[in-house]
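[1] Any chance you can model this:
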Amino acid sequence: MKIIIQVLIVILLLLLITALGLHLYKNILHREPATSEKYNGIIGQTLNYSNFTKAAKFSSVIATLNLLKQQVVVFQAQNGDWPESLTDIDLSQDDLAGEKYIDSILIQKGSIYANIESEFKKNATVRFAPSEGMGGATIKWLCETNTELRQVNYCSFNNELRYPMKTETAQ
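    Model (predicted):
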């Protein structure tokens, strides 16, 4: 008798799982596609591939800027003030010449600006802005960009962001 009850329970569970799976499958078939999914065929695949390629390039920019963030924090800890230029952290534009997707970098009041327009769009900029927390014991970084990338969620979109006009001389 126990075996029959166990078999019936297993059959009921399988039926339930099957019904749930069919329900989910029907919802997937009849849902409204996301904007990036509305394109069909080769063109749609190219558009999606292009979005992911840009996101990967943007991630490379962020990785480079993360290294600079460390140097900015060290400068602030040693000097009690934010750096105003790349030279304050012992760098120049020439030191960053090998960075593929960054046209130029500027530091103002500890904020790190990267001009990335040659790879993205005219006036494309990324900025990391520091802010002190816990009475100066911690530093939080705000990442902003004026480049819209759907796959990137670690930078806030700010259409008003512009690369500062001040240029640094390489030394």
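[2] quick one: least confident helix or strand in the chain?
    helix 2-30 (a mean of 62; mean pLDDT, DSSP states H and E).
[3] Poorly predicted segments of the chain, please.
    7, 10, 12-50, 136, 150-152, 165-171 (pLDDT under 70).
[4] which strands and helices sit next to the helix of greatest length in the chain?
    In the chain, with assignment by DSSP state H, the single longest helix is helix 41-79. Helix 41-79 sits against strand 104-108, strand 111-115, strand 125-133, strand 138-145, with contacts defined as 3 or more C-beta pairs under 8 Å, 6 or more residues apart in numbering; DSSP states H and E. (Glycine included, C-beta is placed from N, CA and C.)
[5] Could you dump the ones you listed into TSV and include mean neighbour count and distance to Phe75?
    Output for the helices and strands packed on helix 41-79, formatted as TSV (neighbours: other C-beta atoms under 10 Å; distance: least, C-beta to C-beta, whole Å):
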stretch	mean neighbour count	distance to Phe75
strand 104-108	20	9
strand 111-115	21	12
strand 125-133	18	11
strand 138-145	16	12
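[6] Save those as a markdown table, and put in distance to Val73 too.
    Shown next, in a markdown table, are the helices and strands packed on helix 41-79 (distance: least, C-beta to C-beta, whole Å):
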| stretch | distance to Val73 |
| --- | --- |
| strand 104-108 | 12 |
| strand 111-115 | 11 |
| strand 125-133 | 8 |
| strand 138-145 | 6 |
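[7] Nearest to Gln78, out of those strands?
    Each of the helices and strands packed on helix 41-79 has some distance to Gln78 by C-beta to C-beta; the shortest is strand 138-145, at 13.7 Å.
[8] list the helices and strands that closest one packs on?
    helix 41-79, strand 125-133, strand 156-157.
[9] Redo the ones you listed as CSV? Include distance to Lys109.
    Shown next, in CSV, are the helices and strands packed on strand 138-145 (distance: least, C-beta to C-beta, whole Å):
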stretch, distance to Lys109
helix 41-79, 10
strand 125-133, 9
strand 156-157, 19
